[in-house]
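In: Next comes the sequence, and after it the predicted model I'd like to discuss.
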Amino acid sequence: MLSPGMHIEILGPRDLDALLDLENRVRGCLAHNYFLRDRSPDEWANILDSPDYAVYGIFDGKKMIASATIHFPNGIDKRDISEFQPVPDTELAIFQAVMVDNDYRGRGFMKILQDMRQGAAIKRKRGKIICKISTTNLGSWKNTINYGFHCVKVAPDKTGVDKM
């Protein structure tokens with residue numbers, strides 16, 4: 001449940017600076033940088049402007065305190081999880097990039113953002129959802145498994161870090 005003064009928005013290009021600010025705050029508090037994929041400002045700008053993505057932001061007043069991204073591949077996703085390579089793009093949604101400001105952790109925002117992304121996947125009739133999480137990111141994988149996901153594989157990604 002959001003506190004008074006907090007709200008959720010679907011982000012767009014106008015929110016790029018706030019999203020980059022959140023990313024910098026979150027990255028500064030992470031135990032490992034590989035918990036969060038490194039994206040350039042141009043990549044974020046393209047994501048925020050693309051119909052193949054939805055990015056949700058939670059704001060406390062005007063300050064973005066959490067966000068989550070969902071990708072709806074349409075022939076442009078290079079899945080590196082072999083179990084999902086045969087899944088048609090029209091059936092797939094990929095949960096990406098959950099960020100919660102360190103000062104706001106433990107308030108259930110990841111669950112709220114999971115619900116938002118799940119609703120977007122249902123709306124687009126995307127019945128198969130995948131995500132990758134670093135095996136040492138205990139909080140994220142615990143929340144994701146508690147949300148109903150299950151692990152199909154643990155293996156290093158292209159950076160050499162084990163992901164599930």
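Out: On my side now, so go ahead.
In: in the chain, which spans are helices?
Out: In order along the chain, the chain carries the following helices (DSSP state H): 16-27, 41-48, 109-123, 138-146.
In: Switch the ones you listed over to TSV; also include mean neighbour count, distance to residue 86 and mean pLDDT.
Out: C-beta: built from backbone N, CA, C; applies to glycine. As requested, the helices of the chain are arranged in TSV below (neighbours: other C-beta atoms under 10 Å; distance: least, C-beta to C-beta, whole Å; pLDDT from 0 to 100):
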stretch	mean neighbour count	distance to residue 86	mean pLDDT
helix 16-27	16	33	94
helix 41-48	15	25	96
helix 109-123	18	19	94
helix 138-146	15	23	83
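In: Reformat those helices as CSV; add distance to residue 162.
Out: Output for the helices of the chain, formatted as CSV (distance: least, C-beta to C-beta, whole Å):
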stretch, distance to residue 162
helix 16-27, 20
helix 41-48, 24
helix 109-123, 21
helix 138-146, 11
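In: Let me know which of those helices is the nearest to residue 100.
Out: Of all these, it is helix 109-123 that lies closest to residue 100, at 5.2 Å by C-beta to C-beta.
In: List the contacts of that closest one.
Out: 2, 8, 54, 56, 58, 65-68, 70, 72, 93, 95, 98, 100, 127, 129, 140, 143-144, 147 (C-beta atoms under 8 Å, 6 or more residues apart in numbering).
In: Which other helices and strands does the helix or strand of the chain with the lowest mean pLDDT contact?
Out: Least confident helix or strand, the chain: strand 162-163 with a mean of 80, by mean pLDDT, DSSP states H and E. When contacts are defined as 3 or more C-beta pairs under 8 Å, 6 or more residues apart in numbering; DSSP states H and E, strand 162-163 sits against strand 155-156.
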